[in-house]
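# here is a sequence with its predicted model. Questions after.
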Amino acid sequence: MATVEQHVEQEILAPRGVAGHRAGTAWSGAEIAVENPATGQTIATVPDLGAEAVADMARRGRAAQPAWEAYGFEGRGRVLSRAQKWVMDNAERIIATICSETGKTYEDASLAEIGYAGNAFGFWAKQAPEYLADERVRSSQLLVKGKRLVLRYRPLGLIGVIGPWNYPLTNSFGDCIPALAAGNSVILKPSEVTPLTSLLMAEGLRECGLPEDVLQIATGRGETGAALIEHVDMIMFTGSTRTGRKVAEAAARRLIPASLELGGKDPMIVLADADLERAANFATYYSMQNAGQTCISIERAYVEAPVYDEFVAKVSDKVRALRVGPPEGPGSVEVGAITFPPQLQTIESHVADAIDKGARVLTGGHALQPAVAGGGRFYEPTVLVDVDHTMVCMTEETFGPTLPIMRVADAEEAVRLANDSPYGLGASVFSRDVARGEEIARRLDTGAANVNDAMINYTVLELPMGGAKASGLGSRHGAGGIRKYCSQQAIVVTPRLALKKEPFMYPYRRRTSRMLAGLFKLLYGRGKRD
Ligand code: NDP
C-alpha cells in the first residue's frame with residue numbers, strides 16, 4: 001500500500017510539474033475521485049484520510065511548530081515572501097489546477113484567487129510583526145504604579161483550517177497564511193470536491209523553504225474535518241451555516257476557539273438617484289461572477305420604484321449577453337460551471353419555487369442542456385422579477401448565477417427587507433448622494449457594507465471581513481484576522497527596587513483597613529453624578 005505522500009506525488013503533483021518528496025502518513029487506501037465540473041471527467045483521486053491519519057498529522061504538526069515559531073517574524077516573513085513570488089511564477093499552473101477542479105473561468109481564478117494570494121502572502125509577511133508586536137499598556141490603577149505592563153501575543157500552536165469548494169485558494173488556503181505568519185503549524189482540510197489546489201500550494205510552500213510538517217493537507221470528507229477539530233488548538237472554518245453550527249458545537253465541547261465564516265444572502269439597494277449604468281454593471285458582475293458561487297455575491301436587489309423599470313431593463317440586457325459554458329482559457333466565457341453537484345438542484349429549486357409563487361424569468365431560468373454543456377454542469381445566468389419574501393430565492397442562499405430584483409416604494413422599505421434575513425455577511429447601496437448611501441449602509445445588519453460598489457471589501461486586507469447573525473462568528477483580515485490565531489498573555493513586571501511588602505498584606509490592621517477604605521472613597525467616590 002502506498003503512503004499518502006507517494007500517492008499525492010505520483011497522482012497529483014507529478015502531472016502538474018511539481019516534485020513531492022516525503023513519505024509517512026498511514027492510509028487505508030480509500031480514495032476520493034476529483035471531478036472537473038466543466039467536463040464531468042475524473043481528473044485525479046486523493047486519499048480519504050481517517051481519524052488515525054489526522055491524529056498522526058497532528059502529532060507531526062505539533063512537533064514541527066516550536067522550530068517554526070523560533071524562525072521569528074523575519075524568518076517566517078522570508079518564506080512567505082518567497083511564496084508570494086512562487087505564486088506569481090507558477091500562476092498559470094495554479095490557475096489550471098483551480099479551473100480543473102472548480103470548472104470556473106480563467107478570469108475568476110486569476111482575479112479572485114491568484115490576485116488574492118499574491119496580495120495576502122506579502123501582506124501577512126509585512127503586517128504580522130506589527131499586528132502581533134508586544135503592546136505596552138498604561139494603567140490608572142494605583143496598585144501597579146511603577147510596574148511595566150505588556151500585552152503579548154503568542155501562537156496557539158496547531159491550527160485547523162476547514163475550507164469550502166468555491167475558492168480553493170482564497171477561502172480555503174488563504175486562511176492558512178496568517179496562521180503560519182503568527183508562528184503556528186497548520187492542518188488544512190480542503191473540501192473533498194476541490195483538494196488539488198491545496199496540495200499544490202503546500203508543495204509550493206515547501207519549495208519556498210517552509211519546514212516539513214508545518215503545513216499539512218488532510219484530504220477527506222466531512223468526517224475528516226470533524227476528526228481534525230478533535231486535535232487542534234483552534235479551528236478556522238469557512239462553509240455553510242449548517243456545518244458551521246456543527247463545528248461550533250464540536251469546538252465548544254473541546255473549549256477551543258472557533259472562527260466561522262458562513263453563508264450569506266447579500267442585498268443590493270439601488271436608490272432613485274443612483275448612477276444606474278454603474279449600478280446595473282455591478283449588479284450583473286457581482287451576482288454572476290464565479291457563477292454566483294461567492295459568499296458575498298449580490299444575491300438579491302431592492303430598487304426604488306422610480307428607477308426600477310430602467311434598472312431591470314439594463315440588467316436583463318447585460319445578463320442576456322453573458323456567455324455560459326465550458327471555459328476554454330482566457331476570454332472564452334463569462335460564466336463557468338456549478339462546482340458542487342447538489343448546488344445545481346438548489347438553484348433549480350429556488351427558481352422553480354419563485355415561478356410557482358408568481359415570479360417572472362426575464363432571462364435564463366434553466367440548467368444548460370447537455371448538447372451545450374457537454375458532460376459539465378452549468379446554469380444559465382438568470383434574472384427574476386415580481387419576487388417577494390415568500391420565495392426562498394429572496395431568503396435562502398442560492399449560490400448560483402441568479403439575480404432576483406424586487407421593486408420597493410422607498411429606501412425605508414429597502415432597509416427593512418435587506419435586514420429581513422437570518423444572514424448578515426455583506427451588502428451594497430448605490431446612490432449619487434454618498435452621505436445618504438453611507439447613512440443607509442450603517443443601518444444594515446451586516447459585517448460589511450459597500451457604497452457604490454460591492455464585494456470589494458474582501459480585497460482590503462486591512463479591514464475585518466466577517467459576518468453578522470447566521471453568517472458567522474469572528475472575522476478574517478485586519479489585526480483581528482491574525483490575533484485570533486494567538487493567545488494573549490498579560491505580563492506585569494515589578495522593578496527590582498520595590499517594597500518588601502505591600503501595605504494591604506497580612507496582618508490585617510484596623511488602621512490600615514480604614515485608610516484603604518478612605519483611599520477608595522477618594523479615588524472613586526468624589527464628584528457629582530446625575
Ligand atoms: P460545507 O459547509 O458543506 O463544507 C465546508 C467544509 O466543511 C468542507 O471542507 C466540508 O467537507 C467540511 N465539513 C463537512 N461536514 C463537516 C463536519 N461535520 N465537521 C467538520 N467539517 C465538515 O460548505 P460548502 O463547501 O458547500 O461551501 C459553501 C458555503 O460556504 C456557502 O454557504 C458559502 O456562503 C460559504 N462560504 C462562506 C464564506 C465566508 O467568508 N463567509 C466564503 C466562502 C464560502 P466536504 O466538502 O468534504 O464535505
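Everything's here; your move.

# got the residues of the stretch 151-300 of the chain near the ligand?
162-166, 171, 189, 191-193, 221-222, 225-226, 238-240, 243, 246-247, 261-264, 295 (C-beta under 6 Å from any ligand atom). The C-beta positions use only the backbone N, C-alpha and C, and glycine is treated the same way.

# quick one: end-to-end distance for stretch 211-220.
End-to-end distance of stretch 211-220: 23 Å, with C-alpha to C-alpha, to the nearest Å as the criterion.

# list the buried residues for that stretch?
Buried positions in stretch 211-220, judged by neighbour count with 16 or more other C-beta atoms under 10 Å: Asp213, Val214, Leu215, Gln216, Ile217, Ala218, Thr219, Gly220.

# out of the residues of the stretch 151-300 of the chain next to the ligand, which are inside helices?
Gly222, Gly225, Ala226, Thr243, Lys246, Val247 (DSSP state H).

# which among those end up buried?
Buried, going by 16+ other C-beta under 10 Å: Gly225, Ala226, Thr243, Lys246, Val247, out of those.

# residues contacting the first one?
Shown here is Gly225, whose contacts under the criterion C-beta atoms under 8 Å, 6 or more residues apart in numbering are Ile162, Lys189, Val247.

# which residues in the stretch 351-500 of the chain form helices?
Using DSSP state H, counting those that start in this stretch, the helices of the stretch 351-500 of the chain run over 370-373, 392-395, 411-419, 434-441, 480-483.

# quick one: residues contacting Ala30.
Applying C-beta under 8 Å, 6+ apart, the residues contacting Ala30 are Pro47, Asp48, Gly50.

# give me the subset of these touching the ligand.
Okay, of the contacts of Ala30, nothing touches the ligand (C-beta under 6 Å from any ligand atom).

# by neighbour count, which of those residues wins?
Among the contacts of Ala30, Pro47 has the most neighbours (other C-beta atoms under 10 Å), with 27 neighbours.

# how close does it get to the ligand?
With distances taken as C-beta to the nearest ligand atom, to the nearest Å, Pro47 is found 13 Å from the ligand.

# which phi and psi does that residue have?
phi -60, psi 140 (degrees, to the nearest 10).

# surely it and Ala218 touch.
No. Between Pro47 and Ala218 there is no contact under C-beta atoms under 8 Å: 9.0 Å.

# overlap in contacts, the two.
Ala53.

# now, of the residues of the stretch 151-300 of the chain next to the ligand, which are buried?
The buried subset of these (16+ other C-beta under 10 Å) comprises 162-166, 171, 189, 191-193, 225-226, 238-239, 243, 246-247, 261-264, 295.

# return the residues in contact with the residue nearest to the spatial centre of the chain.
Centroid check for the chain by C-alpha atoms, centre = their mean gives Asn171 as the closest residue, at 4.6 Å. Contacts for Asn171 (C-beta under 8 Å, 6+ apart) come out as Gly163, Pro164, Thr238, Glu261, Cys295.

# excluding its backbone neighbours, what's nearest the second one?
Spelled out, it's Pro164. Gly239 (4.6 Å; C-beta to C-beta, 6 or more residues apart in numbering).

# ok, the last one next?
Excluding its sequence neighbours, the residue lying closest to Cys295 (C-beta to C-beta, 6+ apart) is Gly264, at 4.9 Å.

# now do the third one
Spatial nearest neighbour of Thr238, chain neighbours left out: Glu261 (4.2 Å); criterion: C-beta to C-beta, 6+ apart.

# wait, doesn't that neighbour sit right on Tyr458?
No. Using C-beta under 8 Å, Glu261 is not in contact with Tyr458, being 10.7 Å away.

# overlap in contacts of the two?
Common neighbours of Glu261 and Tyr458 (C-beta under 8 Å, 6+ apart) are Met465.

# which strand residues bridge Val150?
Arg136, Ile491 (DSSP bridges).

# tabulate the contacts of Ala30 (CSV), appending pLDDT.
Listed next are the contacts of Ala30 as CSV, based on pLDDT from 0 to 100:
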residue, pLDDT
Pro47, 96
Asp48, 97
Gly50, 96
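
# for this structure, longest helix please?
Max-length helix for the chain by DSSP H is helix 51-70.

# ok, residues contacting that one?
4, 24-27, 47, 49, 76, 155, 157-158, 180, 183-187, 211-214, 216, 218, 220, 223-224, 227-228, 230-232.

# now, those that are in helices?
Reading helices off these with DSSP H, I get Val4, Arg76, Leu180, Glu223, Thr224, Ala227, Leu228.

# if I look at the residue nearest to Pro164, how far off is Arg254?
To Arg254, Gly239 is 19 Å away according to C-beta to C-beta, to the nearest Å.

# now swap in Tyr106 and tell me
Separation of Tyr106 from Arg254 (C-beta to C-beta) stands at 41 Å.

# same drill for the two, tell me which one is more crowded.
Tyr106 (20 against 14).

# make sure that one is actually in contact with Pro327.
Yes. Contact criterion C-beta under 8 Å: Tyr106 and Pro327 qualify, at 6.1 Å.

# mutual contacts of these two, please.
Counting by C-beta under 8 Å, 6+ apart, the residues touching both Tyr106 and Pro327 are Cys99.

# what parts of the chain come near the ligand?
Contact residues, the chain versus the ligand (C-beta under 6 Å from any ligand atom): 162-166, 171, 189, 191-193, 221-222, 225-226, 238-240, 243, 246-247, 261-264, 295, 340, 397, 399, 425, 467, 472.

# find the closest residue to the ligand in the stretch 1-150 of the chain.
Using C-beta to the nearest ligand atom, the closest approach of the stretch 1-150 of the chain to the ligand is made by Ile32 at 8.0 Å.

# list the helices and strands whichever helix or strand that residue is part of packs on?
Ile32 is part of strand 31-35 when elements are defined by DSSP states H and E. Contact analysis of strand 31-35 by 3 or more C-beta pairs under 8 Å, 6 or more residues apart in numbering; DSSP states H and E lists strand 42-47 as its packing neighbours.

# in the strand it packs on, what's buried?
Applying 16+ other C-beta under 10 Å to strand 42-47 flags Ala44, Val46, Pro47 as buried.

# could you list every residue that touches the first one?
Pointing back at Ala44 there. Going by C-beta under 8 Å, 6+ apart, the list of residues near Ala44 reads Glu11, Ile12, Pro15, Ala33, Val34, Leu196.

# low pLDDT regions in the stretch 1-150 of the chain?
Residue ranges of the stretch 1-150 of the chain with pLDDT under 70: 1-4, 7, 16-24.

# mind redoing it with 80?
1-27 (pLDDT under 80).

# same question, the stretch 301-450 of the chain
Checking the stretch 301-450 of the chain against pLDDT under 80 turns up nothing.

# coming back round to it: tell me the buried residues within the contacts of Ala44.
Using 16+ other C-beta under 10 Å, the buried ones in the contacts of Ala44 are Glu11, Ile12, Val34, Leu196.

# so which of the helices of the stretch 351-500 of the chain is nearest Val87?
helix 480-483 (19.2 Å; C-beta to C-beta).

# for the closest one, buried residues please.
Gly481, Ile482.

# neighbouring contacts of that helix?
Under the criterion C-beta under 8 Å, 6+ apart, residues 124, 127-128, 131-132, 153, 178-179, 181-182, 461, 464-465, 474-475 lie in contact with helix 480-483.
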